[in-house]
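A.B. asks: below are the sequence and a predicted model for it; my questions follow.
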Amino acid sequence: MESPFSLKDKCILVTGASSGIGQRVAIRLSKEGAKVIIVGRNQERLSETFSQLSGEGHISFVADITDEKIVKEGVASLGILHGVVHSAGITSHIPAQLIGKKQIDEVFKINFEAPVLLNRFLISQKKLADGASLVFLSTIATLHPYYGGALYTSSKKALEGYCTTLALELASRKIRANCISPAMVETPMLEKVTKTLSPESMAVMKSIHPLGFGTTDDVANTVLFLLSDASKWITGANILMGGF
Ligand SMILES: NC(=O)c1ccc[n+]([C@@H]2O[C@H](COP(=O)([O-])OP(=O)(O)OC[C@H]3O[C@@H](n4cnc5c(N)ncnc54)[C@H](OP(=O)(O)O)[C@@H]3O)[C@@H](O)[C@H]2O)c1
């Protein structure tokens with residue numbers, strides 16, 4: 001009998017696969033026997049991910065997923081999916097008094113609007129198998145505010161609210177939707193954040209992580225669990241990672 005943790009022959013779409021968490025997730029999924037469809041904007045880094053995939057039958061899409069038309073057409077070209085990992089996202093550091101419409105649009109477009117519209121096309125074009133699993137990358141910062149984080153945390157909090165309702169609406173088909181909210185994970189996104197902080201602030205950041213900063217494998221392990229049938233009774237959840 002196949003292990004409930006097996007991902008063999010599942011077809012999984014991963015956004016943000018050209019970097020960080022999405023890249024690691026895609027590579028690990030392929031090692032576990034899944035077929036992956038990877039999406040990112042940067043062709044060179046997406047090809048680098050593709051070259052590290054195990055097995056055959058994977059597909060790579062270079063696309064800006066804030067472009068609704070491209071996403072709609074891209075979804076139409078897909079076969080049936082058993083899972084989606086919404087990892088594409090950007091961080092933002094801007095004090096509340098400087099937030100304008102331009103900044104709101106920029107952050108919400110990729111962190112909230114893009115996954116919502118991608119799901120809409122996947123559902124309306126009947127691309128999700130019964131029992132499929134949708135995983136969203138939120139952040140523990142929705143619970144632990146930081147200076148300049150109003151836009152980033154609001155966009156992720158909106159995603160969390162969306163995810164719980166989506167879970168309810170898709171439950172009759174046993175399709176599940178869950179969030180993962182990691183603390184700081186060592187990726188290019190964290191490098192960008194580090195550049196904006198003084199060494200003292202960075203030391204404080206480290207000190208509030210009882211288990212240290214996370215690795216992309218730490219997050220990938222939880223993503224893989226949520227994509228597998230071992231988690232088939234978990235939906236509408238938000239798994240906090242990082243120990244605080
Ligand atoms: N790292 C952390 O500490 C941390 C903690 C909690 C939550 N998260 C969340 O985890 C997710 C992944 O973060 P990460 O650290 O892996 O970030 P990352 O290394 O900066 O990677 C971000 C990914 O998102 C893609 N992306 C951004 N805008 C896009 C767009 N318009 N269209 C298509 N793809 C786009 C990037 O593609 P290109 O590079 O090709 O443009 C890249 O592949 C994010 O949603 C983030 O909010 C991260």
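C.D. replies: Perfect, thanks for sending it. Residues are numbered from 1 along each chain as shown.
A.B. asks: going forward, measure contacts between C-alpha atoms and count neighbours the same way
C.D. replies: Will do.
A.B. asks: which bits of the protein sit near the ligand?
C.D. replies: When proximity is defined as C-alpha under 6 Å from any ligand atom, the chain approaches the ligand at 16-22, 40-42, 63-66, 87-91, 110, 137-139, 181-190.
A.B. asks: excluding its backbone neighbours, what's nearest residue 68?
C.D. replies: Leaving aside its sequence neighbours, residue 68 sits nearest to residue 117 (C-alpha to C-alpha, 6 or more residues apart in numbering; 7.3 Å).
A.B. asks: burial check on the one you found, number of neighbours?
C.D. replies: By the measure other C-alpha atoms under 10 Å, the count of residues near residue 117 is 17.
A.B. asks: check the one 10 residues further on too.
C.D. replies: Residue 127 has 19 neighbouring residues, counting by other C-alpha under 10 Å.
A.B. asks: list the contacts for it?
C.D. replies: Counting by C-alpha atoms under 8 Å, 6 or more residues apart in numbering, residue 127 makes contact with 75, 78-81.
A.B. asks: nearest to the ligand among those residues?
C.D. replies: Nearest to the ligand among the contacts of residue 127, counting by C-alpha to the nearest ligand atom, is residue 75 at 14.1 Å.
A.B. asks: about what we covered before: from the contacts of residue 127, which land in helices?
C.D. replies: Of the contacts of residue 127, the ones assigned to helices by DSSP state H are residue 75.
A.B. asks: all strands for this protein, in order.
C.D. replies: In the chain, the segments counted as strands under DSSP state E are 11-15, 35-40, 59-62, 81-86, 128-137, 176-182, 238-241.
A.B. asks: now the ones you listed in CSV, with distance to residue 49, mean pLDDT and mean neighbour count?
C.D. replies: Formatted as CSV, those follow (distance: least, C-alpha to C-alpha, whole Å; pLDDT from 0 to 100; neighbours: other C-alpha atoms under 10 Å):
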stretch, distance to residue 49, mean pLDDT, mean neighbour count
strand 11-15, 11, 99, 25
strand 35-40, 8, 98, 26
strand 59-62, 9, 98, 16
strand 81-86, 15, 98, 24
strand 128-137, 19, 98, 22
strand 176-182, 22, 99, 25
strand 238-241, 25, 98, 18
